[in-house]
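Trainee: Here's my sequence, what's the structure:
(one chain, ligands or ions: 1)
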Amino acid sequence: MPKPYLGNPLRCEAVLNKYGFSFRKKYGQNFLIDESVLEDTVDAAEIGPEDVVLEIGPGIGTLTQYLACAAAKVIAVEIDDALLPILDDTLSDWDNVKVLHADIMKTDIQKLADEENGGRPMKVVANLPYYITTPILMKLFESRAPIDSVTVMVQKEVAERIETGPGTKAYGALSLAIQYYAEPSIAVQVPASSFIPRPNVDSAVIVMKRWVDPPVKVNNETLLFQVIRASFQQRRKKLANGITNAGDLSFTKEQVEHALAAVGLDLNVRGEKLTLAQFGVLSDELNQFLG
Ligand code: SAM
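Mentor: Numbering: from 1, shown residues only. I've put the predicted structure just below:
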């Protein structure tokens, strides 16, 4: 098996110069140049020789080389056509990598798992383009495609928002949405100096393991997410007002107060105090008013 060779600044720059590549900001291009971060990311994802990995945004193929050494197969989805000839070159030593030229937001992940892994779960590993971190994560989980873990480099603040629980400033709709689908834990802290070009923010690798049994079961999942979003719409306001005033919900003040009382919550409570389980019970109470 060939060894990964792109994980240092000199090699990375040599490849970029060879192809006269210019970074495209609109695609969130910050490439990794730190061997220990690359190794730690693959370790955190617990990739084994049986695994099929979906990589989002391979760039010049740096993380892809490490993944290809650990996994059975890597499917790498890249949007930027200027990177395709580079990936052809840098991944030519590995015969277990398939590069797809596509936008991950328009990719049918279920179909990919069917075609590339006989419908069995894949593991997602990526240094995500930060301009669409949340839409990508929500798509991966909401699509219900077979994915058993998602290990991604994201902005440090986003990793903290995903991981945290009630009562913290970072806690919000993103924490609850991800924690509904998966168990998150921050695995690696990554300084801005680990990338070229150097971003303005620090990063972290977060591992999200999809629950086998979801921690909360609700009668109406759409309503749960509407209630969560409404509760954090105006952070400093009471949750009851957020839900009553939400444009996509039509509960009366009395109904909301009745549901809060049934859950045993103070009528003045704010969304940031509620656990996912409490949001689950509250949305089931409210669901009874929907005919
Ligand atoms: N994996 C490489 C690395 O770590 O060096 C590159 C990571 S860079 C932060 C993000 C990559 O995602 C870029 O290669 C970019 O072109 C690609 N990308 C951006 N938007 C995308 C999309 N919608 N679908 C697929 N790839 C995308």
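Trainee: Show me which residues of this structure are close to the ligand?
Mentor: Residues of the chain found near the ligand (Cβ under 6 Å from any ligand atom) are 27-32, 56-59, 62-63, 77-80, 83, 103-105, 127, 129. For every residue, glycine as well, the C-beta is placed using N, CA and C.
Trainee: Could you tell me which of those residues belong to helices?
Mentor: Among these, DSSP state H puts 62-63 in helices.
Trainee: Would you show me how to pick out the buried ones of the residues of the chain next to the ligand in PyMOL?
Mentor: Buried subset of the residues of the chain next to the ligand, written as a PyMOL selection, criterion 16 or more other Cβ atoms under 10 Å:
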select buried, resi 27+28+29+30+31+32+56+57+58+59+62+63+77+78+79+80+83+104+127+129
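Trainee: excluding its backbone neighbours, what's nearest the closest residue to the ligand within the stretch 51-200 of the chain?
Mentor: For the stretch 51-200 of the chain and the ligand, the shortest gap (Cβ to the nearest ligand atom) falls at G57, measuring 2.0 Å. Nearest non-adjacent residue to G57, counting by Cβ to Cβ, 6 or more residues apart in numbering: P129, 5.5 Å away.
Trainee: Test my guess that that neighbour contacts Y27.
Mentor: Yes - the pair P129 / Y27 is scored as a contact, 5.9 Å apart, by Cβ atoms under 8 Å.
Trainee: Name the residues contacting each of those two.
Mentor: Residues touching both P129 and Y27 (Cβ atoms under 8 Å, 6 or more residues apart in numbering): G57.
Trainee: mind checking the SS state of the spatially closest residue to E272 that is not a sequence neighbour?
Mentor: Nearest residue to E272 in three dimensions, chain neighbours excluded: Y171, at 5.3 Å (Cβ to Cβ, 6+ apart). Secondary structure, DSSP: H, G, I helix; E, B strand; the rest coil: Y171 is coil.
Trainee: Next, Y171: phi, psi?
Mentor: Y171 has phi and psi values of phi -70, psi 140 when expressed as degrees, to the nearest 10.
Trainee: Okay, it and Q255: tell me how far apart.
Mentor: In this view, Y171 and Q255 are 25 Å apart by Cβ to Cβ, to the nearest Å.
Trainee: Give me the more crowded residue out of those two.
Mentor: Y171 (23 against 18; other Cβ atoms under 10 Å).
Trainee: check contacts around the more buried one.
Mentor: Y171 sits in contact with 161, 164-165, 272, where contact means Cβ under 8 Å, 6+ apart.
Trainee: tell me the pLDDT at it?
Mentor: Y171 is assigned 96 on the pLDDT scale.
Trainee: For the closest residue to G28 other than its chain neighbours, give me its contacts.
Mentor: Spatial nearest neighbour of G28, excluding adjacent residues (Cβ to Cβ, 6+ apart): P129 at 3.0 Å. By Cβ under 8 Å, 6+ apart, the contact set of P129 is 27-29, 56-57, 136.
Trainee: State the mean pLDDT of the one helix or strand I228 maps to.
Mentor: Per DSSP states H and E, I228 falls inside helix 221-233. Average pLDDT, helix 221-233: 94.
Trainee: Who are the packing partners of that helix?
Mentor: helix 173-181, helix 239-245, helix 276-287 (3 or more Cβ pairs under 8 Å, 6 or more residues apart in numbering; DSSP states H and E).
Trainee: want to throw these into JSON lines with mean neighbour count?
Mentor: Listed next are these as JSON lines, based on neighbours: other Cβ atoms under 10 Å:
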{"stretch": "helix 173-181", "mean neighbour count": "21"}
{"stretch": "helix 239-245", "mean neighbour count": "21"}
{"stretch": "helix 276-287", "mean neighbour count": "20"}
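Trainee: Which stretch among the ones you listed approaches W211 most closely?
Mentor: For W211, the closest of these is helix 173-181, at 6.8 Å, according to Cβ to Cβ.
Trainee: which helices and strands does that closest one pack with?
Mentor: Using 3+ Cβ pairs under 8 Å, 6+ apart, the elements in contact with helix 173-181 are helix 133-142, helix 156-163, strand 203-210, helix 221-233, helix 276-287.
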